[in-house]
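Turn this into a structure:
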Amino acid sequence: MAGTALVVGASGIVGSATATLLANEGWSVHGLARRPTARAGIQPVAADLQDAAGTAAALADLRPDAVFITTWSRQGSEAENIRVNAAMVRNLLDALRPGGSVRHVALVTGLKHYLGPFEAYGKGTLPQTPFREEQSRLDIENFYYAQEDELFAAAARDGFGWSVHRPHTVIGHAVGNAMNMGSTLAVYASLCRETGQPFRFPGSAAQWNGLTDMTDAGQLAKHLLWATTTPEARDQAFNVVNGDVFRWSWMWSRIADWFGLEPAPFDGRVDPLEHQMQDAAPVWRALAERHGLAEPDLTRVSSAWHTDADLGRPIEVVTDMSKSRRLGFTAYQPTDDAFFALFTRLREDRLIP
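Next comes the predicted model:
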């Protein structure tokens, strides 16, 4: 049943897809961001969640039934990630408490719940794959855990239901996003086509040969809405992926073919995109000018560091979704189709040639 929704991080990949889905489903949608942009059907709310007083003032008159937390702030260390991101969740839920309207809060985290934070990514003793929700937390500090703890404490205090959603790498559309593999690969492929540079897989042999999965932003948005409106999903944590598995040795050829490229043979060496694209900013700016693209700043349309972190993993990463399936969530999204739909939209929006 539709109600009033507050989407936190509405300008990001996940937040944008979620706000769009909710609006299409008849919800009254408020989109919070530090610098919200005007979008049809979305009422903008400007707030910086690190500012408790400012957040309280911005939300004083808002009475949402459901809240979707789809944002985080990257800091220089995990200790700072914990301090800042826990405070953001706390400030948000404290600001909404006086209104007493919230029935459900959905928090988006990710597979670093199982893999560990960036400082210790994929290291130490990891749970067995495929990752399952009942696997315990790692014995290491992690800002995802701190966000969860703030959510759990507020839910116990204020009486609303909650859900936690753990996607794998998300495919979706957002300019200026810090974690955007789909756009990054589209930019890299476009640069390779323009310059004749080999379209070379930048990651590890484990990722090239092993099974993996991903999460389309639209699939995640459907999952968020499902959990919010399904009583059996109340107070539960869920993995959420597209439903298929693939090997990058297959997907890389699919992506190359979409861009009219011949994929370079993979020789087992890791050659990160951060290295391959380190001098590409002026090349991209010239390419953007030549093709009349909307964004000449390479850093606004790609995030090589995050793509390298995912594609460079030394272990196979796959995710189990049985918990959601048993409770009735049946949506499915082929991952290659998700990539192609994103590439098509990027081209239509003049973000790639």
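
What does the residue nearest the centre of the chain show for phi and psi?
What sits nearest the mean C-alpha location of the chain, by Cα atoms, centre = their mean, is residue 170, with 4.5 Å. The phi/psi pair for residue 170 (degrees, to the nearest 10) reads phi -90, psi 130.

What of the one 5 residues further on?
Backbone geometry at residue 175, expressed as degrees, to the nearest 10, gives phi -90, psi 130.

Quick check: chain neighbours aside, which residue is closest to it?
Excluding the flanking residues, the one nearest residue 175 by Cβ to Cβ, 6 or more residues apart in numbering is residue 300, at 5.6 Å. From N, CA and C alone the C-beta is placed, and that goes for glycine too.

So that neighbour versus residue 173, what's the distance?
13 Å (Cβ to Cβ, to the nearest Å).

Ok, residue 253 next?
23 Å.

again with residue 47
Noted for residue 47: a distance of 23 Å to residue 173, by Cβ to Cβ.

re the thing from before, tell me what the residue nearest to the centre of the chain is bridged to.
residue 215 (DSSP bridges).

Make residue 1 into 33 and carry on from there
Let's use 33 as the start, then, which means that last one is residue 202.

ok, which stretches of the stretch 183-332 of the chain are helices?
Counting by DSSP state H, counting those that start in this stretch, the stretch 183-332 of the chain has helices at residues 213-227, 237-241, 249-261, 280-290, 305-308, 313-323, 330-333.

Nearest to residue 145 among these would be which one?
helix 249-261 (14.9 Å; Cβ to Cβ).

got the angle for that closest one vs helix 213-227?
Here the directions of helix 249-261 and helix 213-227 differ by 170 degrees (axes from the mean of the first three to the mean of the last three Cα atoms, to 10 degrees).

residue ranges with poor pLDDT in the stretch 133-282 of the chain?
153-156, 209-210 (pLDDT under 70).

Could you pull out the buried residues of stretch 291-300?
Neighbour-count burial for stretch 291-300 flags 291, 293, 295, 298 (criterion: 16 or more other Cβ atoms under 10 Å).

how long is it end to end?
The straight-line separation of the ends of stretch 291-300 (Cα to Cα, to the nearest Å) is 23 Å.

Please work out the average pLDDT along it.
Model confidence over stretch 291-300, given as mean pLDDT, is 96.

chain center to that stretch: distance?
Put simply, stretch 291-300 sits 26 Å off its chain's centre (Cα atoms, centre = their mean, to the nearest Å).

Looking at residue 332 and residue 205 now, which is surrounded by more residues?
residue 205 (19 against 16; other Cβ atoms under 10 Å).

contacting residues for the more buried one?
By Cβ atoms under 8 Å, 6 or more residues apart in numbering, the residues touching residue 205 are 45, 48-49, 214-215, 249, 374, 377-378, 381.

which one of those is nearest residue 130?
Nearest to residue 130 among the contacts of residue 205 is residue 48, at 28.3 Å by Cβ to Cβ.

The closest one and residue 204 touch, don't they?
Yes - checked against Cβ atoms under 8 Å, the pair residue 48 and residue 204 is within contact range at 7.2 Å.

what do these two both touch?
residue 249.

Please, where are all the strands along this protein?
Taking DSSP state E, the strands of the chain run over residues 36-40, 60-65, 74-78, 98-101, 136-140, 193-199, 202-203, 243-244, 247-248, 268-272, 278-279.

other SSEs contacting the fifth one?
Strand 136-140 is packed against strand 98-101, helix 175-190, strand 193-199, helix 249-261, with contacts defined by 3 or more Cβ pairs under 8 Å, 6 or more residues apart in numbering; DSSP states H and E.

Of these, flag the one that's most buried.
strand 98-101 (a mean of 28; mean count of other Cβ atoms under 10 Å).

Check which strands are paired with it and give the direction for each one.
With DSSP bridges as the test, strand 98-101 pairs up with strand 36-40 (parallel), strand 136-140 (parallel).

Adding mean neighbour count and distance to residue 103 as columns, could you present these in CSV?
Output for those, formatted as CSV (neighbours: other Cβ atoms under 10 Å; distance: least, Cβ to Cβ, whole Å):
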stretch, mean neighbour count, distance to residue 103
strand 36-40, 27, 6
strand 136-140, 25, 8
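
To residue 146, which of the ones you listed lies closest?
For the strands paired with strand 98-101, the distance to residue 146 is smallest for strand 136-140, at 15.1 Å, taking Cβ to Cβ.

Just put the strands of the chain in CSV and tack on distance to residue 325.
Formatted as CSV, the strands of the chain follow (distance: least, Cβ to Cβ, whole Å):
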stretch, distance to residue 325
strand 36-40, 28
strand 60-65, 24
strand 74-78, 25
strand 98-101, 31
strand 136-140, 30
strand 193-199, 29
strand 202-203, 21
strand 243-244, 30
strand 247-248, 24
strand 268-272, 32
strand 278-279, 29
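
Which of those strands sits closest to residue 92?
Residue 92 lies closest, by Cβ to Cβ, to one member of the strands of the chain: strand 74-78, at 11.0 Å.

Please convert the buried members of the contacts of residue 205 into PyMOL selection syntax.
Only the buried entries of these go into this PyMOL selection, using 16+ other Cβ under 10 Å:
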select buried, resi 45+48+49+214+215+249+374+378
